[in-house]
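> quick one: sequence and predicted model below, then my questions.
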Amino acid sequence: MDIVKNVFVSIHILLCLVLICVIVLQSGKNSGLSAFTGANESYLSKNKAKSRDARLALATKWVAGVFVVLTVILNLM
């Protein structure tokens, strides 16, 4: 049981580092007052589903989900 816990803790630490990196790589959402006027709407921003930020946001959700589940599992051990 101790070996399994050590493996889970190692994976947990790796997930912590990956989550930090993924969050830091995302660009800021500093749109300011232009968000109210629609000035930040451009041709390139309409295709955001395939952009780097969209992939990083999706990766953040998945890594955070696995992180939470692994945290609960480690807490129950």
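The structure has been received and is ready for your questions.
> got a pLDDT number for the closest residue in space to Val4 that isn't next to it in sequence?
Counting by Cβ to Cβ, 6 or more residues apart in numbering, Val4 lies nearest to Met77, which is 8.0 Å off, once chain neighbours are set aside. (Glycine included, C-beta is placed from N, CA and C.) Per-residue pLDDT puts Met77 at 86.
> with Ser27 instead?
On pLDDT, Ser27 comes in at 78.
> just the element for it, please.
Per DSSP states H and E, Ser27 falls between elements, in no helix or strand.
> just give me the neighbour total for it.
Residue crowding around Ser27 was assessed by other Cβ atoms under 10 Å; the count is 9.
> please, which helix or strand holds the residue nearest to it when sequence neighbours are not counted?
On the basis of Cβ to Cβ, 6+ apart, the spatially nearest residue to Ser27 that is not a chain neighbour turns out to be Asp53, at 5.7 Å. Take DSSP H and E as the rule and Asp53 turns out to sit in helix 52-76.
> tell me who's in contact with Phe67.
Counting by Cβ atoms under 8 Å, 6 or more residues apart in numbering, Phe67 touches His12, Leu15, Cys16, Leu19.
> going through the residues you listed, which ones are buried?
With neighbours counted using 16 or more other Cβ atoms under 10 Å, the contacts of Phe67 contain these buried positions: Leu15, Leu19.
> a markdown table for the contacts of Phe67, including distance to Lys61?
Output for these, formatted as a markdown table (distance: Cβ to Cβ, whole Å):
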| residue | distance to Lys61 |
| --- | --- |
| His12 | 18 |
| Leu15 | 13 |
| Cys16 | 16 |
| Leu19 | 11 |
